[in-house]
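**Q** build the 3D model from these lines:
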Amino acid sequence: GYFFLEGFDFGIGVLTKLLARDRKERRVLINTIGPVWDGNEVWLLSAGGATFAAFPEWYATLFSGFYLPLLIILFCLIVRGVAFEYRAKRPEERWQTNWETAIFWTSLIPAVLWGVAFGNIVRGVKIDADMEYVGNFWDLLNPYAILGGLVTLTLFTFHGAVFAGLKTAGDIRVRARALALKLGPVTAVLALGFLVWTQADNGDAWSLGAMIVAVVALLAAIGAIAKGREGWSFAFSGVTIAAAVAMLFLTLFP
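**A** As a prediction, the model looks like this:
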C-alpha cells in the first residue's frame, strides 16, 4: 500500500524538475498530490508498527543495520513535508524555487534508497550471533541493491508521470504522457533484470508467478498510456508495484 500510494507522490516530486517548465506548472503538479500526500505517509507508520509488533528481532536488526539510509529517508520525508507546507507561504520566486528544489531531492533520494534497502534485505546482510549488522554503509551499495534503487526510481517516476497525465490537462498532460512513454521501456528493462536476478538467486514457483504478474502489468501499463488511457495505465502500474513487492517478500519466505 505504501509504495503504491507514495510511489506516485515521489514520482510527482521528481517530475517537478523533469516535466514542469515553470513555477506555474510545478504548482499544478504539486497540487495533484496536495490532498493525499500526507495521508499516504500513514502507510509507512503502519508498516513500521506492524513490523515491530510481529517481528521485533527483525525490526531491531533492520533499523540498527540500516540506520544511516533509514535516517536519510526519515530526514528527507520530514523536509519534504515542510516543503509542501511552506512553499506557498511567501510569494517570492527564490523562496518558492528553493522549496521546490527541496521537494525534488527529497522525493528522488528516498525513491532510490527504498530500492537499495529492499535489495539488501532480499540479498541478505552480515549479522552476528547477537543479530547485529556487522557491515558498513558502503557494503549496502552492492550492484544488486543499486539496481533495485534504479528500478524503484524509474518505476515511481513512471507511476507519477501516469498520475500527472490522469490529473492534469492541456500541454502538461501531453508532455506527461510522452515522458511516461519514454520511461516505460527503460523501467521495463531495469525491472525485468532485477526481477530475473532475484528469481534466479532466491525464487520459487510462487515468486515466479508474482514476477510474471509484475512484468505483464508493467507492459499493460505502457500499452495503456500509449493509447491515452491514463486511468488503466495507473491501475496497471499500481499492480506492478504490488506484485513486485509481493515477489520480494515471497523470496524471503520461509
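**Q** could you pull out the buried residues of stretch 145-162?
**A** 145, 147-162 (16 or more other Cβ atoms under 10 Å). (C-beta placed from N, C-alpha, C; glycine too.)
**Q** next one: stretch 11-31
**A** Within stretch 11-31, the residues that count as buried by 16+ other Cβ under 10 Å are 11-16, 19-20, 25-30.
**Q** so where's the stretch 1-150 of the chain shaky on pLDDT?
**A** Counting by pLDDT under 70, the ranges of the stretch 1-150 of the chain that qualify are 1, 38-43, 52, 58, 128-131.
**Q** confirm for me that residue 142 is in contact with residue 123.
**A** Yes: the pair residue 142 / residue 123 is scored as a contact, 7.0 Å apart, by Cβ atoms under 8 Å.
**Q** of those two, which one has the most company?
**A** Counted by other Cβ atoms under 10 Å, residue 142 and residue 123 do not tie: residue 123 has more neighbours, with 18 against 15.
**Q** OK, contacts around the more buried one?
**A** Contacts were defined as Cβ atoms under 8 Å, 6 or more residues apart in numbering; by that measure residue 123 touches 142, 144, 145, 201.
**Q** relative to residue 17, how far out is residue 57?
**A** 41 Å (Cβ to Cβ, to the nearest Å).
**Q** again with residue 191
**A** As defined by Cβ to Cβ, residue 191 lies at a distance of 23 Å from residue 17.
**Q** just residue 198 next, same as before
**A** From residue 198 across to residue 17, the span is 30 Å (Cβ to Cβ).
**Q** now residue 51
**A** Counting by Cβ to Cβ, the separation of residue 51 from residue 17 is 33 Å.
**Q** hmm, back to that, would you list the buried residues of stretch 11-31 in JSON lines and tack on secondary structure and distance to residue 112?
**A** Compiled in JSON lines, the buried residues of stretch 11-31 are given as follows (DSSP: H, G, I helix; E, B strand; the rest coil; distance: Cβ to Cβ, whole Å):
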{"residue": "11", "secondary structure": "helix", "distance to residue 112": "13"}
{"residue": "12", "secondary structure": "helix", "distance to residue 112": "16"}
{"residue": "13", "secondary structure": "helix", "distance to residue 112": "12"}
{"residue": "14", "secondary structure": "helix", "distance to residue 112": "10"}
{"residue": "15", "secondary structure": "helix", "distance to residue 112": "15"}
{"residue": "16", "secondary structure": "helix", "distance to residue 112": "17"}
{"residue": "19", "secondary structure": "coil", "distance to residue 112": "19"}
{"residue": "20", "secondary structure": "coil", "distance to residue 112": "21"}
{"residue": "25", "secondary structure": "helix", "distance to residue 112": "24"}
{"residue": "26", "secondary structure": "helix", "distance to residue 112": "21"}
{"residue": "27", "secondary structure": "helix", "distance to residue 112": "25"}
{"residue": "28", "secondary structure": "helix", "distance to residue 112": "25"}
{"residue": "29", "secondary structure": "helix", "distance to residue 112": "20"}
{"residue": "30", "secondary structure": "helix", "distance to residue 112": "21"}
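**Q** thanks a lot, see you next time.
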